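the following block contains a protein sequence and its predicted model.
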Amino acid sequence: MKELLLLKYAPEIFLKGLNRNTFEKKLKNNIDNALKGLDYEYVTDSGRTLLYSENFNEIIDRLKKVFGITEICIVTQVEADMDSIKAQAFKEVNDSFCSTFKIETNRANKKFVLNSMEVSRAVGEYVLNNVDGISVDIHNPKCVVNVEIREKAYVYSKRIKAQGGLPYGINGSTFLMLSGGIDSPVAGYLMARRGVDISCVYYHSHPYTSERAKEKVKELARILKEYTGHMKLCVVPFTDIQMQIMEKCREDELTIIMRRFMMRIACALAEKYGVNSVTTGESIGQVASQTMESLVVSDSVSDRPVFRPLVSMDKTDIMSLSRQIGTYETSILPYEDCCTIFVPKHPKTKPKLSDIEASEAALDIDNLVMQAMETTEIFFL
Amino acid sequence: MEVYFDNSATTKPYDEVIDTMAEIMRNYYGNPSSAHSLGLMAEKKLNEAREAIAKTLNVSASEIVFTSGGSESNNFLLTGFVKEGAHVITTKTEHPSVLNTCMEMEGRGVEVTYLNVDNEGKIDLNELEKSINKNTQLVSIMHVNNETGIIQDIEAIGKLIKEKSSRAKFHVDAVQSYGKLNINIQSSGIDLLSASAHKIHGPRGAGIAYIRKGLTPKPLIYGGGQEKRLRSGTENLAAYAGFAKAVEIIYKNREKNFEHVLNIKKHFLNSIASMKGIKINGQHINDFSPYILSISFIGVRGEVLLHMLEAESVFVSTGSACAARDTKDSYVLKAIGLKNEEIKGTIRFSFSEFNTFSEVDKAINALSKCLKFLRRG
């Protein structure tokens, strides 16, 4: 008798037809990556792969952050005979202190003499007769005991909810524009959960924004790394560009022109590192610069898809997700970022592309972008 | 040249303080409570430190309890004297270590009155008088405000409290005034007082609670019964000795320092007088501590200006250092009626005896350069 972990994969993975193998392989890879440094081994039993370790706590904590796993079950492996199965099922129900239960059986080993209905019935009867004050409820049980019969039998009732999503790194790559705020880390998390490989870009306006603001963004990227396993952060010196815009452009166009530069640089970085797309934390109408018109104007300098996973979300929902993934406490540290230091009194909310392009004519765009790229600092967190 | 104008956050320790602490750690490492001679030597040093500090306040050594600093002293003196169902009076502009303690006590059935302040930050004595009732156990008012530098007339306040109630105790948070301004415990009717070492070139992690003879608070820390059972825990002797050394130096020069810092502040104010778009939060120079100068730069973000000044090696703070990690606007500046825009652009310059006129000149130069840029010429 020993305890093992049974990992339930996202059902989506099984719908991938011929690509299913690739998805499973990637997921296995990601699991090994997440568990690096820990002692564990895989146990296979007629097609099922389970995980064995002396100490599960740390392993479970890390697996909870691996995309593609929906559930982690703590199973007990016993001999495939009715007495052993009954004894373990009794223990599971008894330890759970629940008032109602049901048994669900899956018989993969067809040589086993009883069929699954018969196993459930026999085990259920045994439990019912031996646990005090318990009753069966097949529709809404407080405790569900699963019995899986293969070479050995596996009995379990403890299930831990995991992230779901798709294996990280299976769905292309993106450059996430990471600010110090609440939204962008959440946007990055949502993309990563769909299997998209994330790198981050942060625009640093030294000396107007502090070293603490930079450290804060590094910390946010580090938290995202707990889900993705690795993380590249590009810190782009942005002050010169902001100064030029300040000097040469109209005050109310500051923000939108700045956004366009951020987009240009993100795209250039994507080009340089072979990344497919750009992701931002924008949500429609949240601030003056996040109107439909502004998004059109900033997207027009992008030569690749720009993803905005939060576009239709309310601020309160974004905040609760941010708490859930662990970035909120860091995000609310109050340092100024490049978007807050020079805020026009009345930023344009409905900019027109032709106007903005005319204003930008005063700037040496290519040169500014090139300089920013050349002085970009890269961190592998 | 590094210009340090953030002395209300913390000060640079005197070299003598550092030497004293090293010497104590090297040679007087015994536990003052130990029975052997090393313990006795340490105990003597501890008593010397207590005596030195007591002398500056003109009180007896037995009335001084060593703590870890201003926040602990404030917590200790408030919670130690206030019983459930009692009434406490304080102001809307106290330090968080007082305000948060009051709010915590409110949750445990203590009634708290938060006095308003006028547009300079002073409380209204009439409002105080009306607030005192037979249930009032404690009045806690800070001497010098840490954000604006306003000086409360603690002598008048103390007299008023004593006239109105024989029961109410008067606590003064003197963290920003001890060692800088004159404090007369007797004539001000002060029963309880908090002070801190690191605001006067002493070490961090050391403070005192003055407790008038005959009063016994409930301890904040229970344990081995050190500090007359009021504050358990092995004494941080090196820090207390360093504190005493700082006090010795600063009290020798207190009036001279005051004059010097006042001149620094006046020079600052004169140099900035013609600057446009600023609001000095403290027009009547005599009502404010010369050590603190709060200025709102209209249309500018305080943090941005702070970092620009930092790039010029001028170190200042927005509001108070304690609030730098808080997302909310300063409640102190709100209480004195500043507009949001003014609050966001407020910088606190806080001085020490080490500052010079040329440092002020350098800061003013940096300031006008930064402002010119931020306001686009």
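Noted; the coordinates are in hand. As the structure is a computational prediction, the values presented were derived from the model and not from experiment.

stretch A:104-119: which residues count as buried?
Neighbour-count burial for stretch A:104-119, with 16 or more other CB atoms under 10 Å in any protein chain shown as criterion, is recorded at A:Glu104, A:Thr105, A:Arg107, A:Phe112, A:Ser116, A:Val119. Every C-beta, even on glycine, is put in place using the N, C-alpha and C of the backbone.

what about it, how long is it end to end?
Chord length of stretch A:104-119, first to last residue, is 9 Å (CA to CA, to the nearest Å).

what's next to that stretch, contact-wise?
The list of residues contacting stretch A:104-119 from outside it, by CB atoms under 8 Å, 6 or more residues apart in numbering or on different chains, reads A:46-48, A:80, A:82, A:85, A:103, A:120, A:122-123, A:144-151.

tell me the pLDDT at residue 32?
I went with chain A, as the question did not name one. A:Asp32 is assigned 95 on the pLDDT scale.

the chain in question should be chain B.
pLDDT, B:Pro32: 94.

hang on, it in a helix?
No - looking at B:Pro32 with DSSP: H, G, I helix; E, B strand; the rest coil, it is coil, so not inside a helix.

that one and B:Gly233 touch, don't they?
No - using CB atoms under 8 Å, B:Pro32 makes no contact with B:Gly233, being 11.5 Å away.

who has more neighbours, the two?
B:Pro32 (20 against 15; other CB atoms under 10 Å in any protein chain shown).

residues contacting the helix or strand containing B:Lys130 from elsewhere in the structure, which ones?
Using DSSP states H and E, B:Lys130 falls within helix B:125-131. For helix B:125-131, the external contacting residues (CB under 8 Å, 6+ apart) are B:Ile89, B:Thr113, B:Leu115, B:Asn116, B:Val139, B:Asp153, B:Ala156, B:Ile157, B:Leu160, B:Ile161, B:Lys164.

ok, now with 10 Å
With CB atoms under 10 Å, 6 or more residues apart in numbering or on different chains as the test, helix B:125-131 has contacts from B:87, B:89, B:91, B:113-117, B:123-124, B:139, B:141, B:153, B:156-157, B:159-161, B:163-164.

can you flag the buried ones in the residues you listed?
Using 16+ other CB under 10 Å, the buried members of the contacts of helix B:125-131 are B:87, B:89, B:91, B:113-115, B:117, B:123, B:139, B:141, B:153, B:157, B:159-161, B:164.

re earlier: what touches both of B:Pro32 and B:Gly233?
Counting by CB under 10 Å, 6+ apart, the residues touching both B:Pro32 and B:Gly233 are B:Gln226.

phi, psi for A:Val235 please.
Main-chain dihedrals, A:Val235, degrees, to the nearest 10: phi -100, psi 110.

got a list of what it touches?
Contacts of A:Val235 by CB under 10 Å, 6+ apart are A:178, A:200-204, A:206, A:214, A:217-218, A:375-379.

which two from the buried residues of stretch A:104-119 end up farthest apart in space?
Within the buried residues of stretch A:104-119, A:Glu104 and A:Phe112 form the most distant pair, 15.5 Å apart (CB to CB).

wait, A:Tyr168 touches A:Val66, no?
Yes - with contacts counted by CB atoms under 10 Å, A:Tyr168 reaches A:Val66, the gap being 7.6 Å.

looking at the two, which one has more neighbours?
A:Tyr168 (28 against 23).

how about the nearest residue to that one, chain neighbours excluded?
Leaving out its chain neighbours, the residue that sits closest to A:Tyr168 by CB to CB, 6 or more residues apart in numbering or on different chains is A:Phe67, at 4.9 Å.

neighbours around B:Pro203, how many?
Residues lying near B:Pro203 (other CB under 10 Å) number 22.

hmm, it is touching B:Leu237, no?
No - taking contacts as CB under 10 Å, B:Pro203 lies outside contact range of B:Leu237: 11.4 Å.

and for those two, which residues touch both?
B:Met21.

going along the chain, name the strands of the stretch 51-200 of chain A.
Taking DSSP state E, counting those that start in this stretch as the criterion, the stretch 51-200 of chain A contains strands spanning A:69-78, A:100-107, A:135-136, A:143-149, A:153-161, A:173-177, A:197-204.

in JSON lines, list those along with distance to A:Asn19 and mean pLDDT.
Converted to JSON lines, those look like this (distance: least, CB to CB, whole Å; pLDDT from 0 to 100):
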{"stretch": "strand A:69-78", "distance to A:Asn19": "18", "mean pLDDT": "95"}
{"stretch": "strand A:100-107", "distance to A:Asn19": "26", "mean pLDDT": "95"}
{"stretch": "strand A:135-136", "distance to A:Asn19": "42", "mean pLDDT": "92"}
{"stretch": "strand A:143-149", "distance to A:Asn19": "27", "mean pLDDT": "95"}
{"stretch": "strand A:153-161", "distance to A:Asn19": "26", "mean pLDDT": "95"}
{"stretch": "strand A:173-177", "distance to A:Asn19": "18", "mean pLDDT": "98"}
{"stretch": "strand A:197-204", "distance to A:Asn19": "17", "mean pLDDT": "97"}
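
no further questions, thank you.
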